[in-house]
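Undergrad: sequence isn't available, so here's the structure alone:
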């Protein structure tokens, strides 16, 4: 029998397989060498696709940055959900390193107990958490350093901040790329610095001390006080202008704020329809400060609607105040003083992401006009059980009970704080306004002040402006407006407690956290401000959760009724089984119970009823999970069986088609 030889068709097949293998290896080598920085993100929310702002921040890195990522493997074994999130953080950090083209070096550590990695994690400021009773600490955080040893740390990656993961990472990178502290200019007629060493301070010692907000902000920023009465131009070194209660500002000061914002400066503005501080304190020179404040020319140009004659009231957030006297207190809920909670703040904005509570007093309401030039993102808002109150009725000691009696909710929330952005025109199209006419007394007083301060002559020409007039903004403006200034007062956010004889400031609300978050957000670059909250990698079964809620609504009442019947039956059964009658031979001896046949029959009946109730209760609890179990079975079928079944059917169909094709070809060849 002659030896079998491979047909030309078989030789071609072997050659094709060899070429395919060579091509596969070549493509992988080429992709590894040339396509390292390219990714394809198939997730619904583009979880692993870095935004344009992050790209811009990374491209501006001049000096190398080293990121050290710490995750304890023991923590991942105990909490698989954290292990999954840790993998996402690590993958995103890898994206940062790949995009930087060597400017960002990523190092990954597993800080096991008593290791050098743990010592480095502790030195970097990471928060260790105990794993078990042995006291072993586990870590899940990050530290990053630049060439000058500046450091940014994320002590612990909380899954609750997953939607802000890119913002937190990009913020850390930008802080290391541009490590200089930002300058915040503060403009306010309120006595935020106090009056140390003055007669007013001796009369009221509370006025001698500066507000605690200054000490809080100095830990994060450089501060510069900007005089609201004499400023004609905001200094160039100010990154963010913080305007607090701008009451009756001169036109030139309003013009200075307008031009600062138009040329790219950021602003944090606190207006107030009724300032509690202005009602209780006096300003510099013992002058009374107006109780309401507004930036009407600027708000009109931007399209912001705000009425200082109206105050926001909210029933669910109303704080309890004393409507009586110290001797005879009358507690009452006052809807103009608000104790806001997490449900009153936006959960998708970095500024309010971790705010749990806020205290506000006599806050105003913000909205957009129909012809608004800006977009507005609400940050803090009331519930729907709110309405606008007349500010005049709240001055002094208001009629608390009358306000509650006349309160009629408008069934819509009111915006108390918002972030605005957009291209806007100037509020002063004719340029810098002229000096406002003054009374003779005011002129004489101003002249004396000028001579005392600088020796300037009365007819000296004003200092020329260093920046040309802008008719419109150079780009989108960025500002945060909060319609309350009282939240900055010490009594609304901090409490002084005596600890071992030393006064300690203890925050009672997140008021200053909101302020520092807003300033931190505004001092970031335009690219960082452009970042938004992202989706989360955890994808819950929404249909399953909805079924669970529907089942609970439908069956929870029945379950509670059966549980009550069970408790009543058990109580009656225990009462029947108590020793009620003792034998004659053992009087007053516990444990020798004599039951009548009727009592025994009643006990047996209660026991049978109790068993029936328990069966019904188990049936109801089983029914609570029945729909979920059915849906879970279908999900298992689709995930585990359906796809392999479809692949098998496709393979069978393809095989049948090939057999039929080969058979037709054989028939054709036979006929030929």
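TA: Cool, got the structure. Bear in mind that the values here come from a model prediction, so they are computed numbers and not experimental data.
Undergrad: isn't residue 73 right up against residue 111?
TA: No - applying Cβ atoms under 8 Å, one finds residue 73 not in contact with residue 111, separated by 9.5 Å. For glycine as for every other residue, the C-beta is placed from the backbone atoms N, C-alpha and C.
Undergrad: between the two, who's got more neighbours?
TA: Neighbours of residue 73 and residue 111, each counted by other Cβ atoms under 10 Å, are more numerous for residue 111; the result is 26 against 12.
Undergrad: my guess is that one meets residue 72, correct?
TA: Yes - using Cβ under 8 Å, residue 111 and residue 72 qualify as a contacting pair, with a distance of 5.8 Å.
Undergrad: list residues touching both of the two?
TA: 138-139 (Cβ atoms under 8 Å, 6 or more residues apart in numbering).
Undergrad: now name the helix or strand holding residue 474.
TA: Secondary structure assigned from DSSP states H and E places residue 474 in neither a helix nor a strand.
Undergrad: that one - how many residues pack around it?
TA: Should you count by other Cβ under 10 Å, residue 474 turns out to have 10 residues around it.
Undergrad: my guess is it contacts residue 265, does it?
TA: No - the pair residue 474 and residue 265 does not pass the contact test of Cβ under 8 Å, sitting 10.2 Å apart.
Undergrad: can you pull the contacts of the closest residue to residue 476 other than its chain neighbours?
TA: What sits nearest to residue 476 in space, not counting adjacent residues and going by Cβ to Cβ, 6 or more residues apart in numbering, is residue 421, at 5.0 Å. Contacts here follow Cβ under 8 Å, 6+ apart; on that basis residue 421 touches 374-375, 377, 476-479.
Undergrad: could you redo the last one with a cut-off of 10 Å?
TA: When the contact criterion is Cβ atoms under 10 Å, 6 or more residues apart in numbering, the partners of residue 421 are 374-377, 475-479, 529-530.
Undergrad: that one and residue 466, how far apart?
TA: 26 Å (Cβ to Cβ, to the nearest Å).
Undergrad: would CSV of the contacts of residue 421 with secondary structure be doable?
TA: Converted to CSV, those look like this (DSSP: H, G, I helix; E, B strand; the rest coil):
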residue, secondary structure
374, coil
375, strand
376, strand
377, strand
475, coil
476, coil
477, strand
478, strand
479, strand
529, helix
530, coil
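Undergrad: what mean pLDDT does stretch 421-436 have?
TA: For stretch 421-436, mean pLDDT rounds to 90.
Undergrad: tally up the residues packed near residue 105, please.
TA: The number of residues packed near residue 105 is 13, by other Cβ under 10 Å.
Undergrad: what are the phi and psi values for it?
TA: The phi/psi pair for residue 105 (degrees, to the nearest 10) reads phi -100, psi 130.
Undergrad: correct me, but residue 78 touches residue 140?
TA: No - with contacts counted by Cβ atoms under 10 Å, residue 78 stays clear of residue 140, the gap being 11.7 Å.
Undergrad: quick one: which of the contacts of residue 421 is nearest residue 227?
TA: Taking Cβ to Cβ as the measure, residue 227 lies nearest residue 479 of the contacts of residue 421, at 20.8 Å.
Undergrad: strand partners of the helix or strand hosting residue 243, parallel vs antiparallel please.
TA: Secondary structure assignment for residue 243, by DSSP H and E: strand 240-244. The strands that strand 240-244 pairs with in its sheet are strand 183-187 (parallel), strand 266-270 (parallel) (by DSSP bridges).
Undergrad: who are the contact partners of the residue nearest to residue 298 when sequence neighbours are not counted?
TA: Once its chain neighbours are removed from consideration, residue 298 has its nearest residue in residue 427; the separation is 5.0 Å (Cβ to Cβ, 6+ apart). The contact partners of residue 427, by Cβ under 10 Å, 6+ apart, come to 251, 254-255, 257-259, 261-262, 295-302.
Undergrad: for residue 103, which residues are in contact?
TA: Shown here is residue 103, whose contacts under the criterion Cβ under 10 Å, 6+ apart are 58-65, 96-97, 173, 177.
Undergrad: still on that earlier bit, now do the strand holding residue 243: distance to the chain's middle.
TA: Shown here is strand 240-244, whose average C-alpha point lies 22 Å from the average C-alpha point of the whole chain (Cα atoms, centre = their mean, to the nearest Å).
Undergrad: state the mean pLDDT of that strand.
TA: Strand 240-244 shows an average pLDDT of 97 in the prediction.
Undergrad: from now on call the first residue 20
TA: In the new numbering, first residue 20, that becomes strand 259-263.
Undergrad: now that strand: buried residues?
TA: 259-263 (16 or more other Cβ atoms under 10 Å).
Undergrad: let me know the helix or strand that the residue nearest to residue 495 is in.
TA: When secondary structure is defined using DSSP H and E, the element that contains residue 440 is strand 434-441.
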